[in-house]
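Visitor: let's see this in three dimensions:
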Amino acid sequence: MSDFLRSYLTVGIFLGVAVVLVSALLGLSSLLRPSKPTPQKSIVYESGVDPVGTGWAQSQIRYYIFALLFVVFDVEAVFIFPWATRLEAYGLFGLIEMGIFIFILFLSLVYAWRKGVLRWV
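Guide: Take a look at the predicted model:
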């Protein structure tokens, strides 16, 4: 057997041991844990407060837009950090590319602002 296949065999053995170990521990925990279901345990609550009314409530689309804007600018930070750590290696081309990227994100922020999405009502 070649060294290449032997290294894959080692990974396969570790993967198999991991699957067996996780399965054994989950099975053991399901056998040992106490199980006393009551109707009180099935009630949905949030922050320890008992629910009032039905569990269905209509939410506004504005909160979805806030979440999308957060994701957009969070992804921006994920792209800017590695660029900032390797700025010298990228040179002027990298600086221009990041300027274009930040400008496009700035345009998206201006668009959201002009549409009134950032207004908290």
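
Visitor: what's the distance between the spatially most central residue of the chain and Ile65?
Guide: Centrality entry for the chain: nearest residue to the mean C-alpha point is Val71, 9.5 Å, by CA atoms, centre = their mean. Taking CB to CB, to the nearest Å as the measure, Val71 falls 11 Å from Ile65. Glycine gets a C-beta too; all of them are placed from N, C-alpha and C.

Visitor: just Gly99 next, same as before
Guide: 26 Å.

Visitor: go on, Gln58?
Guide: In terms of CB to CB, Gln58 sits 16 Å off from Ile65.

Visitor: what's the first helix or strand after the host helix or strand of Ser29?
Guide: Under the criterion of DSSP states H and E, Ser29 resides in helix 3-32. Per DSSP H and E, the first helix or strand lying C-terminal to helix 3-32 is helix 61-85.

Visitor: what about stretch 5-24, average pLDDT?
Guide: Average pLDDT, stretch 5-24: 94.

Visitor: kindly export that stretch (C-alpha atoms) in PDB.
Guide: The C-alpha trace of stretch 5-24 is given here as PDB (Å, rounded to 0.1, in the frame of the first residue of the first chain):
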ATOM      1  CA  LEU A   5      -3.400   5.600   0.500                       C
ATOM      2  CA  ARG A   6      -2.100   4.900   4.000                       C
ATOM      3  CA  SER A   7      -2.600   8.500   5.000                       C
ATOM      4  CA  TYR A   8      -6.200   8.300   3.800                       C
ATOM      5  CA  LEU A   9      -6.700   5.000   5.700                       C
ATOM      6  CA  THR A  10      -5.500   6.800   8.900                       C
ATOM      7  CA  VAL A  11      -8.000   9.500   8.300                       C
ATOM      8  CA  GLY A  12     -10.700   6.900   7.700                       C
ATOM      9  CA  ILE A  13      -9.900   5.100  10.900                       C
ATOM     10  CA  PHE A  14     -10.000   8.300  12.900                       C
ATOM     11  CA  LEU A  15     -13.300   9.200  11.300                       C
ATOM     12  CA  GLY A  16     -14.800   5.700  12.100                       C
ATOM     13  CA  VAL A  17     -13.600   5.900  15.700                       C
ATOM     14  CA  ALA A  18     -15.100   9.400  16.000                       C
ATOM     15  CA  VAL A  19     -18.500   8.200  14.600                       C
ATOM     16  CA  VAL A  20     -18.600   5.100  16.900                       C
ATOM     17  CA  LEU A  21     -17.600   7.200  20.000                       C
ATOM     18  CA  VAL A  22     -20.200   9.900  19.300                       C
ATOM     19  CA  SER A  23     -22.900   7.300  18.700                       C
ATOM     20  CA  ALA A  24     -22.000   5.400  21.900                       C
END
